[in-house]
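1. When you get a sec, could you give me coordinates for this:
(one chain, ligands or ions: 3)
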Amino acid sequence: MFDLTIDDREAREVGALLDDLAGTYSTVEDPAFQRRLPVHAHELPVRVREHLTTFRLGEPAGVCVISGCQVDQDRVGPTPAHWRDQGPVSPALREEIFILLCGSLLGDPIGWSTQHDGRFVHDVLPVPGDENEQIGTGSAQTITWHVEDAFHPFRGDYVGLMCLRNPDKVATTYADMADLEIDEETAEVLAEPRFYIRPDNSHLNGASANGTVPSPGAARLMAASRERILGMHNDPEPVPVLFGADHAPYLRLDPYFMDFDRMDQEAAVALKRLSAEIDRNLREATLAPGDVCFVDNFRAVHGRNEFTARYDGTDRWLKRVNVARDLRKSREARLHAESRIIF
Ligand SMILES: NC(=[NH2+])NCCC[C@H](N)C(=O)O
Ligand SMILES: O=C(O)CCC(=O)C(=O)O
Ligand SMILES: [Fe+2]
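-> Ligands and ions are numbered 1, 2, ... in the order given. Below is the predicted model of the structure:
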């Protein structure tokens with residue numbers, strides 16, 4: 001892990017910046033706010049900017065955590081029963097702004113039309129009925145380690161999590177590709193397009209839902225997006241699991257949503273070897289209120305331990321963002337040059 005703890009003076013500086021922005025913009029969905037994000041990100045304390053810039057360019061670790069910020073528990077209020085259950089002004093607007101500012105130092109935060117109703121910032125909290133789901137709203141099952149949105153060609157380069165509360169100290173798990181030992185033959189097989197990754201249920205549910213869309217242009221993109229996700233579900237393209245430099249490969253996998261039956265025998269053996277090596281190197285990061293964690297989605301996998309949800313307003317609650325280093329790669333799936341939602 002690559003950590004930074006901000007001091008009291010820096011925390012006050014961040015607090016003043018967030019007060020100012022939360023007074024100017026009432027929601028992170030405001031396009032004017034989204035446009036100004038990369039500018040305001042440079043008003044963060046210099047050590048925060050340095051830390052995230054080093055994480056982005058130097059790739060010193062798979063995960064980075066910034067701590068030292070305070071979350072006013074009274075202001076954010078009880079953990080909602082569902083991520084849809086929030087009024088027009090989010091009680092955690094300041095925290096949403098903070099994680100977006102940090103993310104803007106790594107790239108440009110994005111959202112998905114097929115996930116969380118197209119919201120820019122997600123809530124990770126347990127939802128009644130989803131206990132056994134392999135998605136952020138689950139609880140009773142371990143979220144098996146994965147690359148975020150591994151199935152999607154436009155997946156983020158980073159996933160960011162900001163902890164609002166975590167009273168039972170439930171750990172986020174992660175493994176860094178740099179720690180793994182993989183023999184050359186296995187690595188060669190993993191670098192060939194012999195693997196199939198299906199969309200996880202967080203997108204599949206979104207692609208199947210009939211939400212309203214704001215404009216005819218958006219409706220067209222939404223239809224194309226649903227078709228793409230359902231196509232990836234029914235007939236996924238073969239992709240490599242390892243890519244990039246042979247001596248320091250990046251990875252792309254989510255074994256829970258990969259069909260072992262569909263891949264050839266040699267590919268299945270290689271994937272099992274890599275999975276065992278990831279299991280052996282899986283670490284825990286227990287986020288505390290105010291901690292912001294970014295996972296490098298090209299060189300690390302992450303997941304979450306299981307827990308028992310109480311549904312009484314005190315449950316674990318995180319905010320989540322996805323960050324792309326090159327927004328242009330997804331231009332065909334976004335409405336405007338600067339829009340952040342990928343269809
Ligand atoms: N192995 C898995 N559980 N993969 C799915 C990951 C969860 C998904 N990214 C979500 O938004 O909740
Ligand atoms: O809850 C966590 O700590 C991480 C869960 C996760 O994998 C996600 O939200 O993408
Ligand atoms: Fe995840």
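2. and the helix or strand hosting Ala224, what other elements does it pack with?
-> Per DSSP states H and E: Ala224 is located in helix 216-234. For helix 216-234, the packing partners by 3 or more C-beta pairs under 8 Å, 6 or more residues apart in numbering; DSSP states H and E come out as helix 201-208. Every C-beta, even on glycine, is put in place using the N, C-alpha and C of the backbone.
3. In the helix it packs on, which residues are buried?
-> Under the neighbour-count criterion of 16 or more other C-beta atoms under 10 Å, helix 201-208 has Asn201, Ser202, His203, Leu204, Gly206, Ala207 buried.
4. residue contacts, Asp130?
-> Thr137, Gly138, Ser139 (C-beta atoms under 8 Å, 6 or more residues apart in numbering).
5. at 10 Å what do you get?
-> Residues in contact with Asp130 (C-beta atoms under 10 Å, 6 or more residues apart in numbering) are His82, Gly136, Thr137, Gly138, Ser139, Ala140, Gln141, Asn201, Ala309.
6. coming back round to it: columns distance to Ser215 and pLDDT on top of the buried residues of helix 201-208, output as CSV?
-> Below are the buried residues of helix 201-208 laid out as CSV (distance: C-beta to C-beta, whole Å; pLDDT from 0 to 100):
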residue, distance to Ser215, pLDDT
Asn201, 28, 93
Ser202, 24, 92
His203, 22, 93
Leu204, 24, 87
Gly206, 18, 80
Ala207, 19, 80
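7. So which of these is the closest to ligand 2?
-> Using C-beta to the nearest ligand atom, Ser202 comes nearest to ligand 2 of these, at 8.3 Å.
8. ok, the closest one - contacts?
-> Trp112, Thr114, Gln115, His116, His122, Glu133, Gln134, Ile135, Gly136, Thr137, Glu148, Asp149.
9. what subset of those residues is also close to ligand 2?
-> Restricting the contacts of Ser202 to those near ligand 2 by C-beta under 6 Å from any ligand atom leaves Gly136, Glu148.
10. among the contacts of Ser202, which ones are buried?
-> Here, 16+ other C-beta under 10 Å leaves Trp112, Thr114, Gln115, His116, His122, Glu133, Gln134, Ile135, Gly136, Thr137, Glu148, Asp149 buried among these.
11. Now do the SS call for the second one.
-> What that stands for is Thr114. Three-state call for Thr114 (DSSP: H, G, I helix; E, B strand; the rest coil): coil.
12. hmm, who's touching stretch 263-273?
-> 182-183, 185-196, 238, 241-242, 253, 255, 258-262.
13. Buried ones only from the residues you listed, please, as a PyMOL command.
-> Selection of buried members from the contacts of stretch 263-273 for PyMOL, criterion 16+ other C-beta under 10 Å:
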select buried, resi 182+186+187+189+190+191+192+194+195+196+241+242+253+255+258
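14. For stretch 148-161, buried residues please.
-> 148-152, 154-161.
15. swap in stretch 24-34?
-> Those buried within stretch 24-34 under the rule 16+ other C-beta under 10 Å are Tyr25, Val28, Glu29, Phe33, Gln34.
16. Quick check: helices, which of the residues you listed are part of them?
-> Cross-referencing the buried residues of stretch 24-34 against helices under DSSP state H gives Phe33, Gln34.
17. tell me which of the contacts of Ser202 is nearest to Arg220?
-> Closest approach between the contacts of Ser202 and Arg220, by C-beta to C-beta: Thr114, at 14.8 Å.
18. Report the contact partners of Asp8.
-> Gly68, Gln70 are the contacts of Asp8 under C-beta under 10 Å, 6+ apart.
19. What score does it have for pLDDT?
-> Note on Asp8: pLDDT of 98.
20. quick one on the thing from earlier: and which of the contacts of Asp130 is nearest to ligand 2?
-> Using C-beta to the nearest ligand atom, the contacts of Asp130 come closest to ligand 2 at Gly136, 3.9 Å.
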